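In: Generate a structure from the sequence data that follows.
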Amino acid sequence: MPADASAPVNTATQQITQWLTEFSAALEAGDSAAAARLFEDDACWRDLVAFTWNIKTLEGRKAIKAMLDTRLADVQPRDWRVVGEASSADGVTEAWIDFDTGVARGHGHIRLKGERCWTLLTTMKELVGFEERVGDRREPGAEHGVQKGRKTWLDQRQAEEAELGITRQPYALIIGGGQGGIGLAARLKRLGVPTLVIEKNARAGDSWRKRYKSLCLHDPVWYDHMPYLPFPDHWPVFTPKDKMGDWLESYVKVMELNYWTSTQCQRARFDEDTQTWEVTVKRGRKKQVLRPTQLILATGVSGFPSVPEIPGADTFAGTQHHSSVHPGGEGWAGKRCVVLGSNNSAHDICADLWEHGADVTMIQRSSTMIARSDSLLELGLGALYSEAALANGITTDKADLIFASIPYRLLGPFQVPVYQAMKERDADFYARLQQAGFMLDFGEDDTGLFMKYLRRGSGYYIDVGASELIANGSVKLRSGVTIEQIEPDGVVLSDGSELPADLIVYATGFGSMSNWAAKLISKKVARKVGKCWGLGSGTTKDPGPWEGELRNLWKPTAQPNLWFHGGNLHQSRHYSQFLALQLKARLEGIPTPVYGMGKVHHRE
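Out: Purely as a prediction, here's the structure:
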């Protein structure tokens, strides 16, 4: 039948299609300069593995052209097309796109300003010929018919568990069996990469179970799903720690992961001749050596406790420990408790101690960003991660990609209006906190909580109740000071005042993941790869130069075959797919020339 001439034409889709046609023609002609001219002067192209075998943002036409000059012939991009319909608002036209390369299928997102591209996201979706065995490609699970010696699923599963790490070496060894290591292992399992996870605790999920009793996730359920298996739709908005621990333990079993509990890495060494690792582990009481090709540290961005060295600490007659090992408020009724720090853990622990009848004082050394949970959900996350978002067709995967499509260079300015609205909405709340002496900030450039998280991994609290205790004086506050000296029965603050104490909790945060490389491998390797986390923004605790992506996370490092995987549940879920694809390609011998490996600027 002829097309209906009266049917409305989506001009936004036509505009994107026209741009893709011109872009594709320039790429096929090998004309990097012509392709780069299709971008705005200040355009950002964020690539997740598809073009660069890296996680890399190219900022500006010059950087885009340079990447294409180097990578175009090898990538062989083709067949660019719009997925669904494009949309247009406020002078920006945007659409989802698909494309193919010589080795992979890609997916992405584009935004145009006028006729030129403003932002482009390209991601590797799957490797051609090495797709996950899902849908029509799923395994049968049973061999029908009659056959002598046939092995059941249980036989095969038990054989795999008995072999991997014993008579057959894993290709990938993941050190750390928390949510990050578990999620990555699930991705690798689906891709057929022989993977072993080692976890020091006795059970999967113990990294959550062993934290202070009142701990709950501060992020909402829609933001925190694991890969492949979302939480059931009755799951609470904020997951209690023990419930999360049980979920992770079940996930390991359901996803059939090779997971060794009560196993601790003692040391690791890279063999330059064989390009493999020699990893000595202690499993229970037995030592053994594993020889994986790829080593992934999934020990957690918040996994290496930072404990300050304070004069007199060895003379303290009471109890002192880091927040990561704080068991809870039980047993501290009527006791004098000092909590050093003012971020998430500090607030949670202060509230827990107060609920158990303790006399609690928070020591706030520097200003802190506070966001009320309800306000953060509605103003910051709700458009992408909520029931309303799901009703609007924004699945978790789609939400992750929308978020990823905003380059970090632009994300800060995007956040400013969110936190300005939060200031206005919760003005009375903030005024009461300030009247109590609490030092507040919204980031050095008013970009708020998430930019603080990306830049330094600290400096904020999502308020789920503790702020009210500070505002009304139930939890005492000493701000603008720190602990200068510890006495047998208390602490001396930097202003010369003294506080009696039976308990000191160091809610002083965590060091870079590269500390784990120093501890498990060597200080030389840790210095070689440099600091993990941070964007190079030049703000407090995030020294420049600008890098544009998180340092060393989910991508190749300066140490061959060493990877870092971590972040919050959202980041671990989303970026695990790209780390898994990089590892799968290397297993299968697909060339993976990495573009854009930056210099290591911060080695400590």
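
In: give the contact list for Ser479.
Out: 342, 364, 437-439 (Cβ atoms under 8 Å, 6 or more residues apart in numbering). Backbone N, C-alpha and C define where each C-beta goes, glycine included.

In: distance of it from Asp348?
Out: Separation of Ser479 from Asp348 (Cβ to Cβ, to the nearest Å) stands at 18 Å.

In: Pull out the buried members of the contacts of Ser479.
Out: Neighbour-count burial (16 or more other Cβ atoms under 10 Å) is assigned, among those, to 342, 364, 438.

In: Please narrow the residues you listed to those residing in strands.
Out: Using DSSP state E, the subset of the buried ones among the contacts of Ser479 located in strands is Gln364.

In: just the buried ones among the contacts of Ser479 now: which is nearest Glu160?
Out: Ser342 (47.6 Å; Cβ to Cβ).

In: roughly how far apart are the closest one and Tyr430?
Out: 15 Å.

In: Also Arg478?
Out: Noted for Arg478: a distance of 20 Å to Tyr430, by Cβ to Cβ.

In: Report the mean confidence score over the strand or helix carrying Thr122.
Out: Secondary structure from DSSP states H and E places Thr122 in strand 116-127. For strand 116-127, mean pLDDT is 98.

In: From the contact counts, what lies against it?
Out: Judged by 3 or more Cβ pairs under 8 Å, 6 or more residues apart in numbering; DSSP states H and E, strand 116-127 is in contact with strand 39-48, strand 104-113, helix 396-404, helix 569-587.

In: related to what we said a few turns ago, which members of the contacts of Ser479 are positioned in helices?
Out: Using DSSP state H, the subset of those located in helices is empty.

In: Show me the two of the residues you listed that sit farthest apart.
Out: Longest span within the contacts of Ser479, Cβ to Cβ: Ser342 and Gly437, 11.4 Å.

In: Residue ranges in the stretch 351-500 of the chain under the pLDDT threshold?
Out: Counting by pLDDT under 70, the stretch 351-500 of the chain contains no low-confidence segment.

In: Break down it into its strands, ranges please.
Out: Under the criterion DSSP state E, counting those that start in this stretch, the stretch 351-500 of the chain contains strands at 359-364, 369-372, 460-463, 476-479, 483-487, 490-493, 498-500.

In: any chance of these in JSON lines, plus distance to Ala25?
Out: Conversion of these to JSON lines gives the following (distance: least, Cβ to Cβ, whole Å):
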{"stretch": "strand 359-364", "distance to Ala25": "59"}
{"stretch": "strand 369-372", "distance to Ala25": "47"}
{"stretch": "strand 460-463", "distance to Ala25": "47"}
{"stretch": "strand 476-479", "distance to Ala25": "61"}
{"stretch": "strand 483-487", "distance to Ala25": "65"}
{"stretch": "strand 490-493", "distance to Ala25": "68"}
{"stretch": "strand 498-500", "distance to Ala25": "71"}
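
In: what comes up buried for stretch 511-519?
Out: In terms of neighbour count (16+ other Cβ under 10 Å), stretch 511-519 has its buried residues at 511-518.

In: Please save the CA atoms from it in CSV.
Out: Taking Å, rounded to 0.1, in the frame of the first residue of the first chain, the C-alpha atoms of stretch 511-519 are listed here in CSV:
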residue,chain,number,x,y,z
GLY,A,511,41.6,5.4,51.0
SER,A,512,42.0,4.9,47.3
MET,A,513,41.6,1.3,45.9
SER,A,514,45.2,1.5,44.8
ASN,A,515,46.1,1.0,48.5
TRP,A,516,44.9,-2.6,47.9
ALA,A,517,47.3,-2.9,45.0
ALA,A,518,50.1,-1.8,47.3
LYS,A,519,49.1,-4.2,50.0
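
In: Contacts made by that stretch with the rest, please.
Out: Residues contacting stretch 511-519 (Cβ under 8 Å, 6+ apart): 175, 297, 299-301, 303-306, 525-526, 529-533, 552, 559, 562, 564, 566.

In: Tell me the gap between it and the middle of its chain.
Out: In terms of Cα atoms, centre = their mean, to the nearest Å, the centre of stretch 511-519 is found 17 Å from the chain centre.

In: cool, and stretch 162-174?
Out: For stretch 162-174, the distance to the chain centre is 26 Å (Cα atoms, centre = their mean).

In: contacting residues around that stretch?
Out: Residues outside stretch 162-174 that contact it (Cβ under 8 Å, 6+ apart) are 181, 184-185, 188, 193-198, 258, 260, 277, 279, 288, 290-296, 298, 565, 583, 587.

In: Any of these buried? List them.
Out: Listed as buried from those are 181, 184-185, 188, 193-198, 258, 260, 277, 279, 290, 292-296, 298, 565, 583, 587; burial here means 16+ other Cβ under 10 Å.

In: So which of those are in helices?
Out: The members of the buried ones among the contacts of stretch 162-174 that map onto helices under DSSP H are 181, 184-185, 188, 583, 587.

In: For Ala389, state which of the residues you listed is nearest.
Out: Proximity of these to Ala389 (Cβ to Cβ) peaks at Leu184, which lies at 25.5 Å.

In: From Leu553, how far out is the closest one?
Out: For Leu184, the distance to Leu553 - Cβ to Cβ - is 12 Å.

In: overlap in contacts of these two?
Out: Common contact partners of Leu184 and Leu553 (Cβ under 8 Å, 6+ apart): His565.

In: In the ones in helices among the buried ones among the contacts of stretch 162-174, find the pair that's most separated.
Out: Gly181 and Leu587 (18.1 Å).

In: can you pull up the bridge partners for the residue nearest to Arg478 when sequence neighbours are not counted?
Out: Leaving aside its sequence neighbours, Arg478 sits nearest to Ile363 (Cβ to Cβ, 6 or more residues apart in numbering; 5.3 Å). Ile363 has these beta-bridge partners by DSSP bridges: Leu340, Arg478.

In: Could you do Thr195 as well?
Out: Note on Thr195: beta-bridge partners Ala172, judged by DSSP bridges.

In: can I get the contacts of Ser479 in CSV with distance to Arg455?
Out: Formatted as CSV, the contacts of Ser479 follow (distance: Cβ to Cβ, whole Å):
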residue, distance to Arg455
Ser342, 17
Gln364, 20
Gly437, 26
Phe438, 21
Met439, 18
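
In: between those residues, which is nearest Ser572?
Out: Ser342 (25.9 Å).

In: how about the closest one, what does it touch?
Out: Ser342 neighbours (Cβ under 8 Å, 6+ apart): 362-366, 368, 438, 461, 479, 507.

In: Gln434 too?
Out: If a contact means Cβ under 8 Å, 6+ apart, then Gln434 has Leu440 as its contacts.
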